[in-house]
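Novice: fold the stuff below for me.
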Amino acid sequence: MKPFPVKDPIAHISWKGDRLLVLDQRLLPRRIKFMTCRTAEDVALAIRSMVLRGAPLIGVAAAYGMGLAARRGRPALERAGRRLRRARPTAVNLMHAVDAMLAAAEGVCERRLAPALAEAAVAFHREDIAGNQRMAVLGASLLKKGSRLMTHCNAGALATAGLGTAVGVIRYAHHLGKVSHVYPCETRPYLQGSRLTLWELMQSRVPATLITDSMAAHVMKTCAIDAVVVGADRIAANADVCNKIGTYGLAILARHHGIPFYVVAPTTTVDLATPDGSRIPIEERDAAEVLKIFGRPIAPRGARARHFAFDVSPHELVTAIVTERGIVSPANGRNLKRVVG
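Specialist: A predicted model of the protein is given here:
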């Protein structure tokens, strides 16, 4: 295996022992600014307000939030867990991180609580980095040389603590000579594709052309797309995949055009307690994010809108799910449980 020359373009999450520094992704790509989180409440605010986003990164940040709360004692830790869980409801990595930190606190004396939780959060962080690299290798093995790819939202370094999930696969595959061009969808209304994914790809010198979400069908038809590669925010027990709004439409289009549809996500994204996609809570965000772009109105005064942040792609539309523990193919509940364990 070739070494990994692909690194985070910028250290976007950094643990300082008594505080957490996170890159404010709302300002990218025009401005680089970090937010300092000194409490679990600060971390919850950063998650809720989209300072940081991406299911794996949310999980890592939540783990550090629990580490910060532990400095105030066990009651504060339990309160922090409840607050962090409410920050965003769909990304199950957040729930897994809180559960992992609470488990790490069991049986630990009060004097050792803060250092023990800090160590557990760092371990959670490192495992995400290692898992990203394993997914990159496995995912790249599915792609042929010179592939033309499409991706949606941002599932890169900025969505994780490491290389990234879907974009991590793309960047590593490009290093191997397997990617000739990438078409990231802009991902309205928050524009993660244009602001974040395109920025990451350009930083890594991966040939990329931005398209609007509504161009996807035409590009699949006319540009000989070889695969669609996306991330996930939650995967149900039957392998239904919940991801950024618009992913379901891409899955349908890919099936129509005979294009493989690959999902790349760590096992912390898998929720075996949720039987199928219909049971996944879908976050609905402020309609103002649809009615405005960067604070400027784009609709008539008094207009109404809805902003579903995620949708669910049935597992029948998914060619394979790539996790750090192996590839789930065909994507169904039995194979998912076999790989996840």
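Novice: remind me, longest helix of the chain?
Specialist: When every helix of the chain is counted residue by residue (DSSP state H), the longest turns out to be helix 110-140.
Novice: strands of the stretch 101-250 of the chain, residue ranges please.
Specialist: 147-151, 179-184, 227-230, 234-236, 241-244 (DSSP state E, counting those that start in this stretch).
Novice: for those, which one sits closest to residue 52?
Specialist: strand 241-244 (15.0 Å; Cβ to Cβ). Where you see a C-beta, it was placed from the backbone N, CA and C, and this is true even at glycine.
Novice: helices or strands next to the closest one in the packing?
Specialist: strand 234-236, strand 310-313 (3 or more Cβ pairs under 8 Å, 6 or more residues apart in numbering; DSSP states H and E).
Novice: list the contacts of it.
Specialist: 90, 152-153, 187, 192, 230-236, 247, 251, 263, 265, 277, 280, 282, 309-313, 315, 318, 321, 331 (Cβ atoms under 8 Å, 6 or more residues apart in numbering).
Novice: distance of residue 173 from residue 303?
Specialist: 42 Å (Cβ to Cβ, to the nearest Å).
Novice: residue 31: neighbour count?
Specialist: 8 (other Cβ atoms under 10 Å).
Novice: then it would be within a helix, right?
Specialist: No: counting by DSSP: H, G, I helix; E, B strand; the rest coil, residue 31 is located in no helix; its state is coil.
Novice: ramachandran coordinates for it?
Specialist: Main-chain torsions, residue 31, degrees, to the nearest 10: phi -150, psi 140.
Novice: quick check: which of the strands of the stretch 101-250 of the chain is nearest to residue 25?
Specialist: strand 241-244 (13.9 Å).
Novice: starting at the chain centroid, how far to that closest one?
Specialist: 10 Å (Cα atoms, centre = their mean, to the nearest Å).
Novice: one more: stretch 42-58?
Specialist: 11 Å.
Novice: could you do stretch 173-191 as well?
Specialist: The answer for stretch 173-191 is 15 Å, by Cα atoms, centre = their mean.
Novice: kindly report the same for stretch 170-180.
Specialist: The chain centre lies 20 Å from the centre of stretch 170-180; the measure is Cα atoms, centre = their mean.
Novice: what's the first-to-last distance across it?
Specialist: End-to-end distance of stretch 170-180: 10 Å, with Cα to Cα, to the nearest Å as the criterion.
Novice: average model confidence for it?
Specialist: The average pLDDT within stretch 170-180 is 96.
Novice: contacts only, for the residue nearest the centre of the chain.
Specialist: Note on the chain: the residue nearest the mean C-alpha position is residue 54, at 3.2 Å, using Cα atoms, centre = their mean. For residue 54, the contact set (Cβ under 8 Å, 6+ apart) comprises 154-155, 158-160, 231.
Novice: quick check, nearest of those to residue 123?
Specialist: Distance to residue 123 across these (Cβ to Cβ) is lowest for residue 160, with 15.7 Å.
Novice: residues contacting the closest one?
Specialist: 54, 56-57, 60, 128, 132, 168.
Novice: let's go with 6 Å and repeat that
Specialist: 56-57, 128, 132 (Cβ atoms under 6 Å, 6 or more residues apart in numbering).
Novice: tell me the buried residues within these.
Specialist: 56-57, 128, 132 (16 or more other Cβ atoms under 10 Å).
Novice: could I get these as TSV with pLDDT and distance to residue 209?
Specialist: Shown next, in TSV, are the buried ones among the contacts of residue 160 (pLDDT from 0 to 100; distance: Cβ to Cβ, whole Å):
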residue	pLDDT	distance to residue 209
56	93	26
57	96	26
128	94	30
132	95	25
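Novice: of those, which pair is most distant in space?
Specialist: 57 and 132 (10.8 Å).
Novice: give me the neighbour count for the closest residue to residue 199 other than its chain neighbours.
Specialist: Closest residue to residue 199 apart from its sequence neighbours, by Cβ to Cβ, 6 or more residues apart in numbering: residue 29 at 4.3 Å. Look at residue 29: counted by other Cβ under 10 Å, it has 14 neighbours.
Novice: just the one 5 residues further on next, same as before
Specialist: Per other Cβ under 10 Å, the neighbour tally for residue 34 reads 16.
Novice: hmm, residue 21 and it touching each other?
Specialist: Yes: applying Cβ atoms under 6 Å as the test, residue 34 and residue 21 come out as touching, 4.8 Å apart.
Novice: got any ranges where this structure has weak pLDDT?
Specialist: Counting by pLDDT under 70, the chain has low-confidence residues at 1-6, 8-9.
Novice: could you chop it up by domain?
Specialist: What automatic domain parsing lists as the domains of the chain is 13-133, 139-340.
Novice: of those domains, which is nearest residue 7?
Specialist: Using Cβ to Cβ, the nearest of the domains of the chain to residue 7 is domain 139-340, at 7.6 Å.
Novice: out of the strands of the stretch 101-250 of the chain, nearest to residue 107?
Specialist: Of those, nearest to residue 107 by Cβ to Cβ is strand 234-236, at 30.0 Å.
Novice: which outside residues touch that closest one?
Specialist: By Cβ under 6 Å, 6+ apart, the list of residues contacting strand 234-236 reads 92, 241-242, 269-271, 274, 276-277, 280.
Novice: who does it pair up with?
Specialist: strand 241-244 (antiparallel), strand 270-271 (parallel) (DSSP bridges).
Novice: now it, how far from the chain's geometric center?
Specialist: The answer for strand 234-236 is 12 Å, by Cα atoms, centre = their mean.
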